[in-house]
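K.L.:
sequence below, structure please.
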Amino acid sequence: MTDRLATEAGDEDGPPSGAVLGAPCWVSLAAHDLAATTAFYEAVLGWEFRPGRLGDRFAVAMADGRPVAGIGAVASALGVATAWLPYFAVGDPDETASRVRERGGTVGVGPIPFPLGRAALVADSSGASFGIWSGHVERDWSGCHPEAQVRLRLVTRNAFDAAIFYGEVLGWTGPGGCDVRYENEEVVLVCGGLSMARISSGAVEAAPDPDVRPHWEVQFTVDDVAECARAALKQDGTVVGEWEDEAGRWAAVRDAQGAPFTVFEPGGGVLAG
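P.N.:
Presented below is the predicted three-dimensional model:
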């Protein structure tokens, strides 16, 4: 892949790694209280935190020496709900935001400048929110490795329509971009030989549970789903459900501020009580 995300800021430890244009490049949580939120995820997922390069309202979660996600105390300032969102690498956020509007999506915030780049919060034509980013990207992000600790899945009403929307907006079919495949009744985004995101049909237009409406599901790989679920409850979180399939064990969780996420333990077995 030769088409890489241009960076707008340096890195004192060396040049930042690139990200394939159109590919996921980061996940971030918009929270109200940074200290309380980092304490929750430290207890539940075992993450360590270092200061973020975007200012004192931001922190970067680390696991096994790799950056996993960002947490920013920005939900109130941006007028958005506490939520995990994926970000996709783009070359020109203004142009990408225009394509979002042209194809029936909406632009909620931005593009706005940050010290290391520019970002916008947008929604696709079915209402699922995501972010676009042009600028510095974290080197060695856990989401772009074969043993990725971050997984992304879009739950939407029509996977093929969604794939067309994202393909046109993010340039998935352009030179040096990503490949789109169909596997096990899902659309799979493959970038640099790695499965980076999945798109599944099944969301309901007017479901009483907001998580059943079109949304990006951010999943974190863990060693023990049952232990994470117990820890979440101790930290005033909520376990929405636990289940098992041929891939492994899963739990849908809400943190203490209500942001939903999913934890995944590879391999089969019986869920602990």
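K.L.:
any idea of the mean pLDDT in the helix or strand where R249 lies?
P.N.:
Assigned by DSSP states H and E, R249 belongs to strand 248-254. For strand 248-254, mean pLDDT is 94.
K.L.:
does the nearest residue to E48 once chain neighbours are set aside have beta-bridge partners, and which?
P.N.:
Closest residue to E48 apart from its sequence neighbours, by C-beta to C-beta, 6 or more residues apart in numbering: M62 at 4.8 Å. Bear in mind the C-beta positions are built from the backbone N, C-alpha and C, glycine included. Beta-bridge pairing for M62 (DSSP bridges): E48, P67.
K.L.:
gap between M62 and P51?
P.N.:
M62 is 11 Å from P51, where distance means C-beta to C-beta, to the nearest Å.
K.L.:
those two: which has the busier surroundings?
P.N.:
Between M62 and P51, counted using other C-beta atoms under 10 Å, M62 has the larger neighbour count: 15 against 10.
K.L.:
ramachandran angles for the nearest residue in space to L121 that is not next to it in sequence?
P.N.:
Distances taken as C-beta to C-beta, 6+ apart put V109 closest to L121, at 4.2 Å, once the chain neighbours are dropped. Main-chain dihedrals, V109, degrees, to the nearest 10: phi -140, psi 130.
K.L.:
which residues of the stretch 151-273 of the chain fall in strands?
P.N.:
For the stretch 151-273 of the chain, the strands defined by DSSP state E, counting those that start in this stretch occupy 179-183, 186-191, 194-201, 215-221, 238-244, 248-254, 260-266.
K.L.:
ok, the longest one: who's next to it in the sheet?
P.N.:
Strand pairing for strand 194-201, determined by DSSP bridges: strand 150-156 (parallel), strand 186-191 (antiparallel).
K.L.:
who's in contact with the last one?
P.N.:
Same thing as strand 186-191. For strand 186-191, contacts defined as C-beta atoms under 8 Å, 6 or more residues apart in numbering pick out 1, 20, 22-24, 144, 159-160, 162-163, 166, 172, 177-182, 195-200.
K.L.:
again with stretch 38-47
P.N.:
48-49, 59, 61-63, 68, 71, 220, 222, 228, 231-232, 234-237, 253, 255-256, 263.
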